[in-house]
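Colleague: Sequence first, predicted coordinates after that:
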Amino acid sequence: MDQRYDVVIVGGGAIGSAVAYFLAAEKGFGGSVAVIERDPSYAGASSALSASSIRQQFSTPGNIAMSRFGLEFLKSDALALDGETPDLGLREDGYLYLATAAGRGVLERNHAVQRAAGADVALLEPAALADRFPWISTEGVALASLGLSGEGWFDGYGLLQAFRRKARALGVDYLTAEAVGIERERGRVAAVRLADGRRIGCGTLVNAAGPHARAVAAMAGLELPVAPRRRSVFVFECRDALPGCPLVIDTSGVWFRPEGTRFICGTSPAEGEPDPDTTDLTVEHQQFEEVLWPALAARVPAFEAVRQSGAWAGLYEMNTFDHNAVLGPHPELPNFLFANGFSGHGLQQSPAAGRAIAELVAFGAYRTLDLREFGWERLRENRPILELNVI
Ligand SMILES: Cc1cc2nc3c(=O)[nH]c(=O)nc-3n(C[C@H](O)[C@H](O)[C@H](O)COP(=O)(O)OP(=O)(O)OC[C@H]3O[C@@H](n4cnc5c(N)ncnc54)[C@H](O)[C@@H]3O)c2cc1C
C-alpha cells in the first residue's frame, strides 16, 4: 500500500469537498482524510457548470430540509479563513413556478408540503402575479408559486473553492489522480487503485464522483442508477430591466433568471423526449432558437428582442430511479458510502449532504437531519421518493 487514510473521497467537486470539510471540522472525528480529484481545474465538473440556484420549492420534506440547511450554511461564516468569510454572492430573489390549469392541483399540494416544512412561499392568482411582475404575460397561467425569502442563487464555483480551501486548511489532503479501481476484501473496501499505479488504503470510501459516480460504483462491482445527462445553459441580454425578476420556471418547463445585468436560461427534455447518457459537453446550440427563445418571448414580451451572448453545457448526475440523491452506505459494502444522484440540485444540497456523510462516518448514524429515506434500501425495495418539482 502506498498510503493509507481513514477516509478516502473520490471526487473533489462541491459534494466531495463538502464531505471533506465537514469531516475535518467534526470534533467527534479525528481521522485522516484524502480527496482524489483527477482534474483540479474543474473544467468539466458539474459544480463549475451549474446554474447555482437554491430553492425550497420541492415537493418532499427531505429535499426541503436539505436545501434549507444549504441556505443557512451559505449565510454562515463556517467557511471563513483567517477571519475572512468568502463572499458567495447569495441573492434571495426567489423562484417563481408557473402552472397551467392542469398543473394547478400539483402546485397547491406542493405548497401545503412546503408551508408545513417552514418554507416562506406564497400562491399567486394571475391578477396578483401581473400586479407583482408587470413584465410577465399571464397567458395560460392558472396559478403561480413564489418564494418570498430563502430562495435564489449564489456563486456555486465559489462555494466549491471555499469548501476545498477550508478542508485543506483543516488538514485534508487533495491528491491529483484518477481512481481506476477499487479493491474489496472480506466484504469491505480495502483500497483504491489510481491510474498512476498507486494504491491508497482506506477505512471508509466515499463516492462523490458526480456524473461519473456510476463508473466509480462499477469499480466495486456495484450498479448505481446515476447517469450523466447534458444540460445547456444560454446567456442572453435584454434591453429592458425586469424589476425583482426571480428564477422563473415557465409552464413550458423553460427556466430563466437574471445573472448580473444579463439573464441565463435552459430547459430539460419533456417527459418521453430522448435524454441520452453522454459526457459530451458540446452546447446544443439549436435549442436556444427552437425551444427557449419562443417560450421566453411568449412569457415575457420584453424578451422578443434579446441577444444571445454566451452558452455552456454541463452534466446533471441524474438518478434514473427517482431523481433524488443516493446517500449512505451500500448494504453489501458497509464502508463504501455514496453521495450521488442529486439530479440537478446538488450544489444547494452539498452542505447538507457533506454534513450527513460526515455524521455517518463519525458516529455511524445521522445526528442532525435524518436522511435515511435517501439510502440505498429504497432502490433495492423499489420505493421511489416521488419528487414532483424536477427542473
Ligand atoms: C447546467 C446545470 C445546472 C445546474 N443547476 C443547479 C442549480 O441551479 N442548483 C443546484 O443546486 N444544482 C444545480 N446543478 C447540479 C449541481 O451542479 C450538481 O448536483 C453538483 O455540482 C454535483 O457536485 P459533485 O461534486 O457531485 O459533482 P462534480 O462537481 O462533477 O464533481 C465530481 C468530481 O469528481 C471527479 N471525478 C470523477 N471521477 C473521478 C475519478 N475516477 N477519479 C478522480 N476524480 C474523479 C471529477 O473530476 C469532478 O471534479 C446543475 C448542474 C448543471 C450541469
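Modeller: Looks like it arrived, so ask away.
Colleague: which stretches of the stretch 151-300 of the chain form helices?
Modeller: Assigned by DSSP state H, counting those that start in this stretch, the stretch 151-300 of the chain shows helices spanning 156-169, 213-218, 286-287, 293-299.
Colleague: Give me the distance between the longest one and the centre of its chain.
Modeller: Here helix 156-169 is found 16 Å from its chain centre; the criterion is CA atoms, centre = their mean, to the nearest Å.
Colleague: can you tell me which residues contact the residue lying closest to Arg132 once chain neighbours are set aside?
Modeller: Among residues not flanking Arg132 along the chain, Leu124 sits closest, at 6.6 Å (CB to CB, 6 or more residues apart in numbering). The way it works is simple: take the backbone N, C-alpha and C, and place the C-beta from them, glycine included. Contacts here follow CB atoms under 8 Å, 6 or more residues apart in numbering; on that basis Leu124 touches Arg132, Leu143, Ala144, Ser145, Leu146.
Colleague: ok, of the residues you listed, which come out buried?
Modeller: Buried subset of these (neighbour count, 16 or more other CB atoms under 10 Å): Arg132, Leu143, Ala144, Ser145, Leu146.
Colleague: In strands, which of these appear?
Modeller: Leu143, Ala144, Ser145, Leu146 (DSSP state E).
Colleague: ok, which pair from these is furthest apart?
Modeller: Greatest spacing in these, by CB to CB: Leu143 and Leu146 (10.6 Å).
Colleague: Not including adjacent chain positions, what is the nearest residue to Gly314?
Modeller: Leu49 (2.9 Å).
Colleague: pLDDT score assigned to that neighbour?
Modeller: We have a pLDDT of 98 for Leu49.
Colleague: Is there a neighbour count for it? I'd like the number.
Modeller: Residues contacting Leu49 under the criterion other CB atoms under 10 Å number 19.
Colleague: how close does it sit to the ligand?
Modeller: For Leu49, the distance to the ligand (CB to the nearest ligand atom, to the nearest Å) stands at 5 Å.
Colleague: just Val206 next, same as before
Modeller: Noted for Val206: a distance of 11 Å to the ligand, by CB to the nearest ligand atom.
Colleague: and what of Leu194?
Modeller: Leu194 sits 8 Å away from the ligand, going by CB to the nearest ligand atom.
Colleague: I figured that residue hits Ala179, correct?
Modeller: Yes. At 6.2 Å, Leu194 and Ala179 qualify as touching, with contact defined as CB atoms under 8 Å.
Colleague: where do the contact lists of the two overlap?
Modeller: Shared contacts of Leu194 and Ala179 (CB under 8 Å, 6+ apart): Ile36.
Colleague: Neighbour count: the two, which is higher?
Modeller: Ala179 (25 against 19).
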